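[1] no FASTA, just this:
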């Protein structure tokens, strides 16, 4: 039994494999075509492999980095067979995914000495940001943690309403104000309340507007400042939520938010709805930010703690049993 089996169990492993099904099927059909009738990895195989990676939205730069590594292996071992290609690909893809040096939020656990642990959640509207917060709240509570939500996306009435529904569903308190209120004031009240009530984790939703990057930067900076008036080293995590189905557009969003605030972790949603799950690799490689959660469905249990070995195994798995 491997690490992934110990952490999630057989059912969750199948869940991840099913969530990556569209990406895996498209990816593998192209790899199978690339190596059909070949006894060794040659230039033609590498060209078709390059096309398969780019089609899966791995991105040009990341694809070229992977191909270059494989070429090094081919030149070192002149008779590298196509039968070895899957194993080498898995190794190189896993090497691209960034390790989580902070190692926070793993297994829905929290570090000692940071209570409340404050997570600022950022991302554009429509990526599943508020839903991801609700799923996080549900999972942390199920893991035995006390949770509070802060509804600092005050520019969209639906965001506050949606977060309120999730708070009720998860059975956790929420701090909110009327639409149009100052987001920083909501964040400030939420942190004070979390401290007073001794909760383990506070999840703060923020507005997802990119039409004015300067305003976004100013707003997020203000939220950070007011949080730090109460807890000087908070937020302890800034989690950027990206929609996996948007492909290269997700990379543009990551650029904007990385410029506007200190993004320390990624959650990538809706991977079950795309054949281009390679975007996870493109984002991780370009921004060197660890992926901490991936979404592969609508239910709270469909938000999976990211493990790069498990992800690559799920990407290459050919069975669901």
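    In hand now; what should we look at? From a predicted model like this one, the values you see are computed outputs, not experimental measurements.
[2] C-alpha from now on. contacts and neighbour counts both.
    Will do.
[3] Give me the secondary structure label for residue 203.
    Judged by DSSP: H, G, I helix; E, B strand; the rest coil, the three-state class of residue 203 is strand.
[4] got a list of what it touches?
    118-121, 133, 137, 147-150 (Cα atoms under 8 Å, 6 or more residues apart in numbering).
[5] let's see 10 Å
    Residue 203 makes contact with 116-121, 133-134, 136-137, 147-151, 174, 187, 190-191, 235, 237-239, according to Cα atoms under 10 Å, 6 or more residues apart in numbering.
[6] What of residue 90?
    309, 311-313, 315-316.
[7] in stretch 296-304, what counts as buried?
    296-297, 300, 302-304 (16 or more other Cα atoms under 10 Å).
[8] Ok, stretch 161-179 next?
    Buried, per 16+ other Cα under 10 Å, within stretch 161-179: 163-164, 166-167, 170, 172-177, 179.
[9] Then stretch 246-263?
    247-248, 250-251, 253-254, 256-258, 260-261, 263.
[10] Next, give me the two most distant ones among those residues.
    Greatest spatial distance among the buried residues of stretch 246-263 (Cα to Cα): 247 and 261, at 21.7 Å.
[11] I'd like to know which of the contacts of residue 203 are part of strands.
    The strands, defined by DSSP state E, take in 117-121, 147-151, 174, 237-239 from the contacts of residue 203.
[12] Just the closest of these to residue 56, please.
    Distances from residue 56 to the ones in strands among the contacts of residue 203, taken as Cα to Cα, are shortest for residue 239 (24.4 Å).
[13] neighbours around the residue lying closest to residue 183 once chain neighbours are set aside, how many?
    Take residue 183 and drop its neighbours on the chain: the residue closest to it by Cα to Cα, 6 or more residues apart in numbering is residue 152, 4.6 Å away. Under the neighbour criterion other Cα atoms under 10 Å, residue 152 is assigned a count of 30.
[14] got any ranges where the stretch 151-300 of the chain has weak pLDDT?
    210-213 (pLDDT under 70).
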